[in-house]
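Student: got a structure for you, letters missing:
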């Protein structure tokens with residue numbers, strides 16, 4: 001019987017030895033690798049993994065592997081060696097950071113693309129990165145939406161993949177809320193403040209990647225006080241063309257009023273929509289609605305006003321009924337609330353109905369209040385007679401109208417208020433004699449400004465030296481320095497100038513704004 005007992009003992013001993021050989025290291029089940037997306041831009045992101053030894057014995061060497069979606073790649077890394085097999089990327093410790101005592105941590109980082117990608121299927125030394133066979137960190141939350149009030153922002157978001165214990169709401173690196181559901185409200189905020197938030201899910205394995213950021217601006221914006229007595233307006237392109245593309249925040253301080261061009265029509269009469277143009281965003285290397293909204297507040301903080309221009313040369317906004325008037329007011333006001341616009345510019349070059357547009361603007365004023373800015377950008381032909389629809393509209397809303405900056409270009413020769421001669425565009429006589437029509441037919445001087453191109457490329461005709469714009473303004477304000485046409489009286493309240501456009505001004509070395517803006521301060 002003894003040989004059988006010995007045999008059984010040997011078999012048991014062999015099984016024990018085999019189990020010791022093939023079992024994974026004890027510390028592997030307690031080591032974790034937690035991913036954080038430290039920054040993200042349009043084409044790529046920066047990521048970081050932190051390996052932590054949560055066990056009781058030393059980890060000697062580590063290897064982290066994960067997958068990126070088809071087309072994804074890693075362009076650089078640090079604090080680890082990297083290798084690739086298809087869409088799986090592996091990072092292995094260097095000679096100096098492979099040993100982790102119990103409780104110790106080490107990190108490595110990398111740059112990968114595309115920007116919206118998130119590593120998946122992570123393993124640490126062949127085991128799930130969450131540690132042993134337990135949960136891995138949750139995935140990236142879905143799109144975050146934000147609704148702002150006077151002192152709070154309410155957030156909601158899509159669910160993260162994987163096991164989720166809760167969500168943390170971040171503003172920068174600070175946690176503003178921790179919740180178990182998929183919504184949160186951040187309170188105690190000031191009026192007219194822009195706040196940017198991200199959301200990350202977490203569980204026992206750690207915190208997952210943060211969501212895409214969302215920016216919201218609390219209500220109560222005033223736009224930085226009233227406009228100056230004499231001010232400069234410029235149009236900003238929400239599209240790309242041969243002019244210089246600019247982020248809204250890049251508009252220089254010479255401009256007091258920035259008209260964002262353009263709000264666009266839909267198939268529903270009166271409806272106006274707006275969003276950052278994809279072509280412009282691509283030209284700027286990525287420019288989101290959230291960044292645009294933040295830029296509006298940046299300009300507000302600098303004391304500037306920002307309005308939405310509706311229409312343009314190709315615009316087809318139509319307000320020709322009571323229903324369209326109401327929809328125009330409702331949708332423009334909603335865009336003001338969403339983006340922080342201080343008002344609206346009417347730039348309808350394909351005709352307008354003075355009656356119903358007047359109704360629309362009065363309804364908008366009732367919603368937005370007395371601080372609403374209303375400007376108009378008619379062509380010269382639209383302001384030749386008080387019987388023209390644009391002129392009729394200006395006079396009908398004179399009590400709430402801020403300024404008319406007629407486009408004194410792309411028009412050929414035109415009669416002035418003396419009705420004596422057809423003055424050539426691009427001259428002091430043209431600007432002063434045509435402005436005189438408005439000044440002598442019902443509009444106050446503070447409601448009249450001169451609209452001119454910013455330089456070569458900005459218009460097909462009527463390009464004029466900024467020095468001549470200054471001369472025309474002085475002539476209208478003081479009846480001195482005029483050309484052959486001298487207005488019947490001085491208009492010291494003449495409001496200022498407008499240019500198409502800020503982008504063309506940038507293309508021409510800022511010659512328009514740097515010449516005209518200082519001159520406005522010399523007017524009475």
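Tutor: All right, it came through fine. Just so we're clear, the structure is a prediction, and the values are computed from it rather than from any experiment.
Student: mind listing the helices for this structure?
Tutor: 2-22, 278-283, 289-301, 322-339, 354-368, 389-396, 428-439, 466-478, 502-507, 511-520 (DSSP state H).
Student: show residues contacting the third one.
Tutor: Taking CB atoms under 8 Å, 6 or more residues apart in numbering as the criterion, the residues outside helix 289-301 that touch it are 192-194, 196, 213-217, 221-224, 247-249, 251, 258, 275-276, 305-306, 338-341. In this view, the C-beta of every residue, glycine as well, is placed from N, C-alpha and C.
Student: which one of the helices of the chain lies closest to residue 71?
Tutor: With CB to CB, the closest approach to residue 71 among the helices of the chain belongs to helix 278-283: 17.8 Å.
Student: of all the helices of the chain, which one comes closest to residue 453?
Tutor: helix 502-507 (6.9 Å).
Student: where does the chain have its least confident helix or strand?
Tutor: Taking mean pLDDT, DSSP states H and E as the measure, the chain has helix 2-22 as its least confident helix or strand, at a mean of 41.
Student: just the buried ones from the contacts of helix 289-301?
Tutor: Listed as buried from the contacts of helix 289-301 are 192-194, 196, 213-217, 221, 223-224, 248, 251, 258, 276, 305-306, 339-341; burial here means 16 or more other CB atoms under 10 Å.
Student: rewinding a little: in CSV, list the helices of the chain along with distance to residue 455.
Tutor: Formatted as CSV, the helices of the chain follow (distance: least, CB to CB, whole Å):
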stretch, distance to residue 455
helix 2-22, 78
helix 278-283, 20
helix 289-301, 23
helix 322-339, 29
helix 354-368, 32
helix 389-396, 26
helix 428-439, 16
helix 466-478, 8
helix 502-507, 6
helix 511-520, 6
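Student: these: which one's closest to residue 419?
Tutor: helix 428-439 (9.4 Å).
Student: now do the closest one against helix 466-478, angle only.
Tutor: Computed with axes from the mean of the first three to the mean of the last three CA atoms, to 10 degrees, the direction of helix 428-439 lies at 40 degrees from that of helix 466-478.
Student: buried ones in helix 428-439?
Tutor: 428, 429, 430, 431, 432, 433, 434, 435, 436, 437, 438, 439.
Student: for stretch 200-218, same thing?
Tutor: Buried residues in stretch 200-218 (16+ other CB under 10 Å): 200-203, 205-218.
Student: take those and keep only those in strands.
Tutor: Residues of the buried residues of stretch 200-218 located in strands (DSSP state E): 200, 201, 202, 203, 206, 207, 214, 215, 216, 217.
Student: what pairs with the last one across the strands?
Tutor: Spelled out, that is residue 217. Beta-bridge partners recorded for residue 217 (DSSP bridges): residue 194.
Student: my guess is it meets residue 196, correct?
Tutor: No: applying CB atoms under 8 Å, one finds residue 217 not in contact with residue 196, separated by 10.2 Å.
Student: burial count for residue 238?
Tutor: Residues lying near residue 238 (other CB atoms under 10 Å) number 23.
Student: give me the pLDDT for the nearest residue to it once chain neighbours are set aside.
Tutor: Among residues not flanking residue 238 along the chain, residue 277 sits closest, at 5.0 Å (CB to CB, 6 or more residues apart in numbering). Here, the pLDDT recorded for residue 277 equals 95.
Student: how far away from the center of its chain is stretch 144-154?
Tutor: Averaging C-alpha positions (CA atoms, centre = their mean, to the nearest Å) puts stretch 144-154 17 Å from its chain's average.
Student: and what of stretch 136-146?
Tutor: Put simply, stretch 136-146 sits 21 Å off its chain's centre (CA atoms, centre = their mean).
Student: ditto for stretch 88-107
Tutor: Relative to the chain's own centre, stretch 88-107 is displaced by 40 Å; criterion: CA atoms, centre = their mean.
Student: bridged to the residue lying closest to residue 90 once chain neighbours are set aside, which residues?
Tutor: Spatially, and ignoring its direct neighbours in sequence, residue 90 is nearest to residue 65 (4.3 Å; CB to CB, 6+ apart). Assessed by DSSP bridges, residue 65 has beta-bridge partners residue 90, residue 123.
Student: returning to that earlier point: distance to residue 148 and pLDDT for the ones in strands among the buried residues of stretch 200-218 - can I get that in CSV?
Tutor: Below are those laid out as CSV (distance: CB to CB, whole Å; pLDDT from 0 to 100):
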residue, distance to residue 148, pLDDT
200, 21, 94
201, 24, 93
202, 26, 91
203, 30, 88
206, 31, 82
207, 26, 89
214, 11, 88
215, 10, 82
216, 4, 81
217, 6, 76
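Student: out of those residues, which comes closest to residue 127?
Tutor: residue 206 (14.6 Å).
Student: that closest one reaches residue 34, doesn't it?
Tutor: Yes: Residue 206 is within contact range of residue 34, at 3.6 Å (criterion: CB under 8 Å).
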